[in-house]
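Trainee: The amino acid sequence is not available; the structure is as follows:
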């Protein structure tokens, strides 16, 4: 991954291939561009006319904008990259973390193929250091495992030096250490989502988790098909029945000796979703390698918690299966007996995520955590409701739903609280089983949440994140978000664990 350091050198004297500065839209009566704090030395090298030069080049200072120009004499770096920060904050305010995070990501993407860049963006506190470091490291991500990145120009920015920070300041150093750990695990989650399904299947995903557990001192337990059969995990086994790649349930647990609270994260891990017998039509299955993004997020969050040494116990449950059609596949009309003992009539085999999650939720409930949060690319209905950049938050406790939503916003992830209307439950009544895996078509994302709620242990606080929209970006890269796997929900889960460790939740 891209290396990141705090530099004591100034932006003008640091030896690098490019120097990144921020520009804003002026708020005065004349408007115009304003060079943001942190770039004073660079502006001086332009004779105080950097803003004017950028205006001549058509820069507007809008967020997401990047403008390159050659450096004048007086700068060690041969290229200046100006990134827009939007409207300048009021005098008594600072730049929002997400503004800095986005600007740093835009800069890192614009500098793909560059060896070293100095980032001279506004820094007033450790929070600014954290935001810039996160954005730069996430923005410099590239998935090149199946390509020669160096030859096709896709090699990410190799080294980042942040100026304006204080390398010896404990808070600034801690901010960088957290950003590095978080970004590395988010990028690992992105790698998993982007890996082709012929290479990432339940067994190989479990192997990745096992290796990470050994590396970071996290305990990993893997239930294979024999253990799942013995344990009665009918949901996971039913979904995986049609595939040559057998399912797995992986428990990855981090414990802290002084922890007073425990969290359980449950992730949907369908390593490829064809829809099963209820086969998806052409045009809807080409990106279905991403249907394990929830499990990837849970895995990354638990490892991050371990790397940060958070004073909270965090357990991740990865419900892994491949949903394929075959002569052994579960059929519409089949009834599955779940781990909880409940029976489910399968009306649509393409509503499989809720089946593997149901088993994992029931198992996670046995450990009686203070809260359970499941993460899943669960429904197209949620994408229809919230679009491709916002995930839905449902819960059996309104206060916890609000806390998760606020935590996501604080972490820089777009989310929206959604209801669980009791009247939609009747649509899942089955004449044959305790419940059906489908209900009313309208409000399908909420129906899925109500189904999952049935399998959460009594008295346990629970939230469900439907990340179907933001988990996989099929469009062009933006901000610090790449095309393909995004690592959606990792930051929210990690921040939730931090808040729990600090006694802010529960």
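Mentor: Alright, I've got the coordinates. Remember, predicted model here, so these are calculated numbers, not experimental data.
Trainee: just checking, what packs against the strand or helix carrying residue 406?
Mentor: Here residue 406, judged by DSSP states H and E, is contained in helix 398-411. Where contact means 3 or more CB pairs under 8 Å, 6 or more residues apart in numbering; DSSP states H and E, helix 398-411 is packed against strand 391-395, strand 415-417, strand 461-466, helix 490-501. Just so you know, the C-beta spots here come from the backbone N, C-alpha and C atoms, and that holds for glycine as well.
Trainee: Pull the residues that contact that helix.
Mentor: The contact list for helix 398-411 (CB atoms under 8 Å, 6 or more residues apart in numbering) reads 371, 373, 391, 393-395, 414-417, 461-463, 465, 491-492, 494-496, 499, 505.
Trainee: Mind giving me the ChimeraX command for buried ones among those residues?
Mentor: This is how ChimeraX selects the buried members of these, with burial counted by 16 or more other CB atoms under 10 Å:
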select :371,373,391,393,394,395,415,417,461,462,463,465,491,492,494,495,496,499,505
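Trainee: re earlier: how about the helix holding residue 406: buried residues?
Mentor: 400, 401, 403, 404, 405, 407, 408, 411.
Trainee: And that helix, how far out from the chain middle?
Mentor: 15 Å (CA atoms, centre = their mean, to the nearest Å).
Trainee: tilt between it and strand 391-395?
Mentor: Between the axis of helix 398-411 and that of strand 391-395 there is an angle of 150 degrees, by axes from the mean of the first three to the mean of the last three CA atoms, to 10 degrees.
Trainee: isn't residue 295 right next to residue 301, touching?
Mentor: No: counting by CB atoms under 8 Å, residue 301 is not a contact partner of residue 295; they are 10.7 Å apart.
Trainee: Now do the strands in the stretch 151-300 of the chain.
Mentor: 159-162, 219-223, 248-254, 262-273 (DSSP state E, counting those that start in this stretch).
Trainee: where does the stretch 151-300 of the chain have low pLDDT?
Mentor: 151-153 (pLDDT under 70).
Trainee: and with 90 instead?
Mentor: 151-155, 282-284 (pLDDT under 90).
Trainee: Quick one: low-confidence residue ranges for the stretch 401-506 of the chain.
Mentor: 505-506.
Trainee: hmm, try it at 70
Mentor: Along the stretch 401-506 of the chain, the model assigns pLDDT under 70 to no residue.
Trainee: tell me the contacts of residue 202?
Mentor: 240, 245, 246, 247, 248, 269, 271, 320, 321, 322.
Trainee: contacting residues for the nearest residue to the second one once chain neighbours are set aside?
Mentor: Looking back up the chat, that one is residue 245. In space, and not counting its chain neighbours, residue 245 is closest to residue 201: 4.0 Å by CB to CB, 6 or more residues apart in numbering. Going by CB under 8 Å, 6+ apart, residue 201 touches 243, 245, 271, 272, 322.
Trainee: Recalculate using a threshold of 6 Å.
Mentor: 245, 271, 322 (CB atoms under 6 Å, 6 or more residues apart in numbering).
Trainee: Among these, which one sits closest to residue 47?
Mentor: residue 271 (57.5 Å; CB to CB).
Trainee: and residue 375, what does it touch?
Mentor: Residue 375 is in contact with 267, 294, 297, 298, 465, 489, counting by CB under 6 Å, 6+ apart.
Trainee: repeat that with 10 Å
Mentor: 265-268, 293-298, 301, 316, 357, 391, 463-467, 471, 488-490, 492-493 (CB atoms under 10 Å, 6 or more residues apart in numbering).
Trainee: now do residue 225
Mentor: 202, 203, 233, 236, 237, 240, 241, 245, 246, 247, 248.
Trainee: before we move on, the earlier item: please pick the buried ones from the contacts of residue 375.
Mentor: Buried by 16+ other CB under 10 Å: 265-268, 293-298, 301, 316, 357, 391, 463-467, 471, 488-490, 492-493, out of the contacts of residue 375.
Trainee: what about residue 264, distance to residue 471?
Mentor: Going from residue 264 to residue 471 by CB to CB, to the nearest Å gives 20 Å.
Trainee: Can you show me the helices along the stretch 201-350 of the chain?
Mentor: Along the stretch 201-350 of the chain, counting by DSSP state H, counting those that start in this stretch, helices occupy 202-216, 225-231, 234-240, 293-308.
Trainee: Tabulate those helices in CSV, adding columns for distance to residue 57.
Mentor: As requested, the helices of the stretch 201-350 of the chain are arranged in CSV below (distance: least, CB to CB, whole Å):
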stretch, distance to residue 57
helix 202-216, 45
helix 225-231, 61
helix 234-240, 54
helix 293-308, 39
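Trainee: Look up phi and psi at residue 85.
Mentor: Reported as degrees, to the nearest 10, the phi and psi values for residue 85 are phi -110, psi 10.
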